[in-house]
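> coordinates only, sequence not included:
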């Protein structure tokens, strides 16, 4: 039996919704990755850009922390390129890297508080976009 016109229209709308969310997540992950790369470079090059606090439970060397952000940013950019190509591995990797970005920004909250909160929000939207979309077999995602 063939699909009715209403069923085809619903299927097409769902496919467009899933593809739109994947593109949203890919673009947002690319932006988060590039911004994390810049943040990593700032941490490596100039430690005095960041606020230092003595009363925070987690204390890290800011240069080492810069390398962590740089690595996360590079991986995020690579994963976002996979999302643009519709790779299945990139969906799950995107959720994983966005989760790691959330954790890294939570731990670096006292050093750059406003920016950390912004990156946590960006990463939450990435996870939402990658988890909510239900890709279909023929959409490539």
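Looks like it arrived, so ask away. Just so we're clear, the structure is a prediction, and the values are computed from it rather than from any experiment.
> For the rest of this, base every contact and every neighbour count on C-alpha atoms.
Will do.
> mind checking which helix or strand of the protein has the lowest mean pLDDT?
Sorting the helices and strands of the chain by mean pLDDT, DSSP states H and E puts helix 5-45 at the bottom, at a mean of 83.
> who does it touch, helix- and strand-wise?
Packing partners of helix 5-45 (3 or more CA pairs under 8 Å, 6 or more residues apart in numbering; DSSP states H and E): helix 62-84, helix 113-132.
> Out of the ones you listed, flag the one nearest residue 26.
Evaluated with CA to CA, the helices and strands packed on helix 5-45 place helix 62-84 nearest to residue 26, the distance being 4.8 Å.
> That closest one to helix 113-132, inter-axis angle?
Angle, helix 62-84 to helix 113-132, by axes from the mean of the first three to the mean of the last three CA atoms, to 10 degrees: 30 degrees.
> What is helix 62-84 packed up against?
If you count contacts as 3+ CA pairs under 8 Å, 6+ apart, helix 62-84 packs onto helix 5-45, helix 88-107.
> Enumerate the positions of that helix that are buried.
Buried residues in helix 62-84, counted by 16 or more other CA atoms under 10 Å: 62-63, 65-70, 72-84.
> For the closest residue to residue 98 other than its chain neighbours, grab the count of nearby residues.
Leaving aside its chain neighbours, residue 98 sits nearest to residue 123 (5.0 Å; criterion: CA to CA, 6 or more residues apart in numbering). Neighbourhood size, residue 123 [other CA atoms under 10 Å]: 26.
> Equivalent analysis for residue 21, please.
Residue 21 - counted by other CA under 10 Å - has 21 other residues nearby.
> all numbers from here: first residue = 52
OK, 52 is where the count begins now, so the last one is residue 72.
> got the contact list for it?
180-181, 184 (CA atoms under 8 Å, 6 or more residues apart in numbering).
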